[in-house]
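Engineer: sequence-free structure coming up:
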């Protein structure tokens, strides 16, 4: 059974930085993509960033492009989200997700792409 464990959330002032990590354990040899989503209070979960596991192609939501960077450490089965120039509207619970299936897959920016989810980590940006 695969487990995803996030870390690195916390409280930061506007303009500050945080780095989130998500480590996958278990059956990770078939990873095809990993992504980050977030959910703010009263809002739906939304895509933040994702990465194709083998080639490393990165994908970003418009609101974070240029401020956030997604990366992976292939051998460790770990994905990172470096967040810079944080804004109060970035406040949310951030969850990582992983896709361990093969074949024709939905786009990386969609929730239906992923079959494993972490428990989430809170990111709070104060103004």
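Structural biologist: That came through, no problem. Computed from a predicted structure; not experimentally measured.
Engineer: how about the strands of this protein, start to end?
Structural biologist: 3-7, 10-13, 18-25, 33-39, 46-52, 58-60, 68-73, 78-83, 92-99, 116-117, 121-126 (DSSP state E).
Engineer: Nearest to residue 108 among the ones you listed would be which one?
Structural biologist: Minimum separation from residue 108 across the strands of the chain (Cβ to Cβ) falls at strand 46-52, 3.9 Å. No exception for glycine: its C-beta is placed from N, CA and C like everyone else's.
Engineer: Now do that closest one and strand 78-83, the angle between them.
Structural biologist: Angle of strand 46-52 versus strand 78-83, following axes from the mean of the first three to the mean of the last three Cα atoms, to 10 degrees, is 130 degrees.
Engineer: Please identify the buried residues of strand 46-52?
Structural biologist: Residues of strand 46-52 classed as buried: 47-52 (neighbour count, 16 or more other Cβ atoms under 10 Å).
Engineer: check contacts around residue 39.
Structural biologist: Residue 39 is in contact with 45-46, 92-93, 95, 120, counting by Cβ atoms under 8 Å, 6 or more residues apart in numbering.
Engineer: now for those, which pair is the farthest apart?
Structural biologist: Using Cβ to Cβ, those span at most 13.3 Å, a distance reached by 46 and 120.
Engineer: in this protein, which residue is closest to the centre?
Structural biologist: Nearest residue to the geometric centre of the chain (Cα atoms, centre = their mean): residue 36, 1.9 Å.
Engineer: ok, that residue to residue 109 distance?
Structural biologist: Relative to residue 109, residue 36 is positioned 11 Å away (Cβ to Cβ, to the nearest Å).
Engineer: any shared contact partners between those two?
Structural biologist: 47, 50.
Engineer: pLDDT of stretch 88-99, averaged?
Structural biologist: The average pLDDT for stretch 88-99 rounds to 97.
Engineer: likewise stretch 20-37?
Structural biologist: The pLDDT scores in stretch 20-37 average 89.
Engineer: ok, back up a step: and of the buried residues of strand 46-52, the nearest to residue 103?
Structural biologist: Proximity to residue 103 was ranked across the buried residues of strand 46-52 by Cβ to Cβ; first place goes to residue 52, at 14.5 Å.
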